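[1] using only what follows, build the 3D model:
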Amino acid sequence: MSSDSNTELTASERSYQRGRWAIYLFLIIVCLCQLLPFYLAVTTSLKPSDDMSSALNMRTHDVAWSNWAAAVNEGGILTSVLNSVVVTVGTTVLVCVLGAAAAYPLARRLTRFNRLVSAFILSMMMIPPLSILVPLYSFLVKIGGVNNYWGIIVVLTATNLPLAVFLYTAFIKAIPPAIDEAGELDGANKLQVFVRLVLPMLKPVTATVVIMTGSTVWNDYALSSYILTDPSAQTIAPRVASFFSANTNNLGIAAAASLIAAAPMVIAYMFLQRYFIAGMVAGAVK
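    As a prediction, this is how the structure comes out:
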């Protein structure tokens, strides 16, 4: 009896180990598929313009660091990176502040009017921004928002705000209302309860909103290319696209510019990854 149970236990353990190794193998394959484009971009950026060999081959004795220097000096990539930083930070801050402030009453007061407001906000997520580009551009021309940071910041804030309100509302609904009541019993008003008690609890979902909004704004091409037509005010996505089209005969410079453009978002995601995953899981469950 005991030998049979030991045999069955050993068989189950072996099956469990095989399942774990299969998961590890799958994760390794996924990681390789994700890292391969970065590897190809790095090897391409370090090849001379006359090197026609495969991008998989990396020859360390013939590294062309001049491609990176040309991407910075000739392409004006750093200027566009600074422009994107201004637009991304401004838009992300506005989206987080306005999204959390709008979601708090929607989550706490479940009235019929608030339900209609929530439904309207969700419906705005279904409208493609490019479908209203013509009237939007005409309006920005009239108020002087073209080729100005504040013009593109306002537009991108409006397009990213509905998703932020949705995520914040789902997260705040899971916070017990007793916390608000305890703060009010201590003499705090609604604003103080929100700022001092509720807002510190929104760190996971805020990190999610920061990453999603930041990556969307950083990679925005369509709206930025129409609203910011001045080369000195261009953000990184239109700049890389124009620089790539002008250097199709030298893919090394174009690859270097693309890597410089992607680096800030990759670094930001590495630091905010655990908060991002926690916020996504919390938003899905709640």
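[2] contacting residues around stretch 110-128?
    Stretch 110-128 is touched from outside by 102, 105, 106, 162, 163, 165, 166, 169, with contacts defined as CB atoms under 8 Å, 6 or more residues apart in numbering. Every residue, glycine included, has its C-beta placed from N, CA and C.
[3] those in helices, which ones?
    Applying DSSP state H to these, the entries found in helices are 102, 105, 106, 162, 163, 165, 166, 169.
[4] among the residues you listed, name the buried ones.
    The neighbour count (16 or more other CB atoms under 10 Å) marks 102, 106, 162, 163, 165, 166, 169 as buried among the ones in helices among the contacts of stretch 110-128.
[5] can you put those in JSON lines and add pLDDT and distance to residue 84?
    Formatted as JSON lines, these follow (pLDDT from 0 to 100; distance: CB to CB, whole Å):
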{"residue": "102", "pLDDT": "90", "distance to residue 84": "26"}
{"residue": "106", "pLDDT": "87", "distance to residue 84": "31"}
{"residue": "162", "pLDDT": "91", "distance to residue 84": "22"}
{"residue": "163", "pLDDT": "90", "distance to residue 84": "20"}
{"residue": "165", "pLDDT": "91", "distance to residue 84": "24"}
{"residue": "166", "pLDDT": "89", "distance to residue 84": "25"}
{"residue": "169", "pLDDT": "89", "distance to residue 84": "29"}
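[6] which of those lies closest to residue 80?
    Relative to residue 80, the closest of these is residue 163; by CB to CB it sits at 25.5 Å.
[7] mind checking how far the nearest residue to the closest one once chain neighbours are set aside is from residue 107?
    Closest residue to residue 163 apart from its sequence neighbours, by CB to CB, 6 or more residues apart in numbering: residue 125 at 6.1 Å. As judged by CB to CB, to the nearest Å, residue 125 and residue 107 stand 18 Å apart.
[8] so the two - more neighbours on which side?
    Shown here are residue 125 and residue 107; by other CB atoms under 10 Å, residue 107 has more neighbours (21 against 13).
[9] for residue 242, which non-adjacent residue is closest in space?
    Nearest non-adjacent residue to residue 242 (CB to CB, 6+ apart): residue 234, at 7.9 Å.
[10] which pLDDT value belongs to the one you found?
    At residue 234, the model reports a pLDDT of 85.
[11] tally of neighbours for it?
    22.
[12] which ones are touching it?
    80, 83, 224, 225, 228, 242.
[13] if you set the cut-off to 7 Å instead, what comes out?
    80, 83, 228 (CB atoms under 7 Å, 6 or more residues apart in numbering).
[14] let's see if you can find the most crowded of these.
    Going by other CB under 10 Å, residue 80 tops those with 26 neighbours.
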